[in-house]
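Asks: Sequence unavailable; structure follows:
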């Protein structure tokens, strides 16, 4: 009798052992995420992870690391730890993992089928949300599940009251600023001390006047010749016009203004517009109140501008897979899995963000921006990609020069000359 | 008596050895080894993402010599040492003068506690608070100035022209509270008989402070200068959080000390520079600079007589 009990116990133990081994290390994805536990974005991803685990009988070992995920994975990778999947914004993924050659080419993910749908990933995704990230050799290292863009934010009610139409050209923009001044409104809320804000106007002007890729090419040109194009002086002139010594379009005190003051100045109605990313409704809705009518218009165009007048910024948040990861295929499967429509909709409604899926709706606050993207013939990277491709040039040459032109310490021509000279010096130092 | 017995003496030596050797081993592992490792890494071109490192000898050091951005942060760090040192030591001495004059011990403790309190709060929280106080449009400082009819003095404190002073004021505020504890402990050691004798000789309170307290606090002042020099180069949290500018922006170049620049070069975040080996060279320069400065400070103080009582 005792023997029987003992055998039964051994049998049960073996069953338990076997069942625990069914999800082995080979079926486990190690996933490091930029989201923090408790954030709405984390909750949407967590739900998809749970569904994926159930459906495929695998395990996703996820670490909610937060925004410093690219920094956090460094020591783990050096210690030989396996990480399969990482999510972060495109610039950081390209500046970190791709620049160091440790990211897996993800072009094959575009050919995967989205589970429970009769379409491939490439058929459900808007190409504009990732096309600026396709390298010259055709390689793509990021698959987006979200994206942000930017535009001039305005309060539609206020514009109606002032009888202002959202401008499309530089002349209309100046006219709008004049009307706002007459109505005792600051035309544009702005904070020079926040790097993201400082970068917007100069690079967007360059995208309109010189075209996408112009800033990136010029930044990487050791001869400085690309900055000799006189249109760079025009870019400088536009920034000078915005400054206090130009047409004084930027809000008073902008030189010392810092996040979040400008967006609060705008939402409180002190300023008429504010240029920023698509996250603005999330950050300002509590101060704005339920009746606030969010609207956006795109950066104005310039006469004889070489850039695409419909072009707009598109910064994806997405997945990268590590080249030496143990479970690359499974990680790629999860990427396709998360692109299902139900998760895209949840992403839109629960997190108030935009989904790169063509058929995904947009939150009402981001409707104008999504429509602009639908109209856009092309997209470009934030800061034309220089922050990721030439980070030291961006920090050492570009940002300090922008500070000078915004403070009207230099003119448009001096701006052009300074960019050229400092770029030559920068690359000469690097070549030593 | 204890040391006179040879057996006990041997035991005492063994005890000293047994307690100090582990400390030296730990110091070696956690201090000396990482320094040597940094020195080793500084000779390579390396991002820190993979194990692939390219030996480049002293090229990183040569580049540092021509890196205007790095040189600017060295200069900013030295400005923190100099301006911060003068302000912190000066204000701490004034507080020491005021607090030692209090008759009530409770009052002394209370003021000391209030001054020290910022040191118990997270640097990030304090830095953000200071940013709000100095905010041009919404800030408390400009609002007070305007309320007092001194609106003409209100400035854009976080702009390029004032941001170093704004960051320095934060550091001074925090560190005065830290050093006051050391200074008061030093002042409390001074025998009251010296003050009594000076009083009989007709010296007033200020004179007694200048002629007795300050000379007898010389060793404390030296220690505080050494500590501040190290802090000025090493402080990270306050400067990083204060100057970050939000939205993932990096701290303003005008307030970065060597530690902040080193971190941004090694990791970069939104601006992914990722030059870990180059940052290691910065760390070695930081170590050398601090060592040289401390040596000079010690030398200056050694040349002056330390009074004993």
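Replies: Cool, got the structure. Since the model is a prediction, treat every value here as computed from it, not as a measurement.
Asks: Near chain B, which residues of the stretch 101-250 of chain A are found?
Replies: When proximity is defined as CB under 8 Å from any CB of the partner chain, the stretch 101-250 of chain A approaches chain B at A:101-102, A:191-197. Bear in mind the C-beta positions are built from the backbone N, C-alpha and C, glycine included.
Asks: May I see the PyMOL selection of the buried members of those?
Replies: Per 16 or more other CB atoms under 10 Å in any protein chain shown, the buried members of these correspond to this PyMOL selection:
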select buried, chain A and resi 102+191+192+193+194+195+196+197
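Asks: Output the residues of the stretch 101-250 of chain A next to chain B as CSV; include the columns distance to residue B:190.
Replies: As requested, those are exported to CSV (distance: CB to CB, whole Å):
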residue, distance to residue B:190
A:101, 65
A:102, 62
A:191, 51
A:192, 51
A:193, 47
A:194, 50
A:195, 51
A:196, 54
A:197, 54
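Asks: taking the residues of the stretch 101-250 of chain A next to chain B one by one, which sit in helices?
Replies: Judged by DSSP state H, those include A:195-197 as members of helices.
Asks: separation between residue B:229 and residue B:77?
Replies: With distances taken as CB to CB, to the nearest Å, residue B:229 is found 10 Å from residue B:77.
Asks: same deal with residue B:141?
Replies: Distance of residue B:141 to residue B:77, given as CB to CB: 26 Å.
Asks: Then residue A:318?
Replies: Counting by CB to CB, the gap from residue A:318 to residue B:77 is 39 Å.
Asks: So residue A:272, which state does it fall into?
Replies: Secondary structure assignment for residue A:272 (DSSP: H, G, I helix; E, B strand; the rest coil): strand.
Asks: Beyond the lowest-mean-pLDDT helix or strand in chain A, next helix or strand please.
Replies: Lowest by mean pLDDT, DSSP states H and E among the helices and strands of chain A is helix A:2-21, with a mean of 57. Going down the chain from helix A:2-21, the next helix or strand is strand A:28-33, by DSSP states H and E.
Asks: What are the buried residues along the helix or strand that that next one is followed by?
Replies: Towards the C-terminus, the helix or strand next in line after strand A:28-33, according to DSSP H and E, is helix A:40-56. Within helix A:40-56, the residues scored as buried using 16+ other CB under 10 Å are A:40-42, A:44-46, A:48-49, A:51-53, A:56.
Asks: Note down every partner strand of the very next helix or strand once past helix A:40-56 and its orientation.
Replies: The first helix or strand that comes after helix A:40-56 along the chain, using DSSP H and E, is strand A:59-64. Strand pairing for strand A:59-64, determined by DSSP bridges: strand A:28-33 (parallel).
Asks: so the partner strand versus helix A:40-56, what angle?
Replies: Counting by axes from the mean of the first three to the mean of the last three CA atoms, to 10 degrees, strand A:28-33 lies at 170 degrees to helix A:40-56.
Asks: Give me the contact list for strand A:28-33.
Replies: Strand A:28-33 has contacts (CB atoms under 8 Å, 6 or more residues apart in numbering or on different chains) with A:42, A:45, A:49, A:58-65, A:69, A:72-73, A:81-87, A:325, A:327, A:330-331, A:334.
Asks: Can you tell me which of the ones in helices among the residues of the stretch 101-250 of chain A next to chain B is closest to chain B?
Replies: Using CB to the nearest CB, residue A:195 comes nearest to chain B of those, at 3.6 Å.
Asks: Whatever residue of the stretch 51-200 of chain B ends up closest to chain A - how many residues pack around it?
Replies: Nearest residue of the stretch 51-200 of chain B to chain A: residue B:156, at 2.7 Å (CB to the nearest CB). For residue B:156, the count of nearby residues is 25 (other CB atoms under 10 Å in any protein chain shown).
Asks: Let me know the helix or strand that it is in.
Replies: Going by DSSP H and E, residue B:156 is not in any helix or strand.
Asks: Surely it is in contact with residue A:257?
Replies: Yes: using CB atoms under 8 Å, residue B:156 makes contact with residue A:257 at a distance of 7.5 Å.
Asks: where are the low-confidence patches of chain A?
Replies: In the predicted model, chain A carries pLDDT under 70 at residues A:1-26.
Asks: Report the residue ranges of every domain in it.
Replies: Per automatic domain parsing, the domain ranges recorded for chain A read A:2-141+A:315-375, A:150-311+A:384-431.
Asks: Let me see the confidence value for residue B:111.
Replies: At residue B:111, the pLDDT value in this model is 88.
Asks: And for the one 10 residues further on?
Replies: Among the per-residue scores, residue B:121 holds a pLDDT of 88.
Asks: Kindly list the main-chain dihedrals of the spatially most central residue of chain A?
Replies: The centroid of chain A falls nearest to residue A:315 when counting by CA atoms, centre = their mean (2.9 Å). Phi and psi for residue A:315, reported as degrees, to the nearest 10, are phi -120, psi 100.
Asks: that older thread, for residue B:272, state which of the buried residues of helix A:40-56 is nearest.
Replies: Nearest to residue B:272 among the buried residues of helix A:40-56: residue A:41, at 21.4 Å, using CB to CB.
Asks: need the contact list for the closest one.
Replies: So residue A:41 contacts A:35, A:146, A:347, A:351, A:353 (CB under 8 Å, 6+ apart).
Asks: circling back: overlap of the contact sets of residue B:156 and residue A:257?
Replies: Common contacts of residue B:156 and residue A:257 (CB under 8 Å, 6+ apart): residue B:136.
Asks: circling back to that earlier point, tabulate the buried residues of helix A:40-56 in CSV, adding columns for distance to residue A:309.
Replies: Listed next are these as CSV, based on distance: CB to CB, whole Å:
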residue, distance to residue A:309
A:40, 35
A:41, 33
A:42, 38
A:44, 35
A:45, 36
A:46, 41
A:48, 38
A:49, 42
A:51, 42
A:52, 42
A:53, 47
A:56, 46
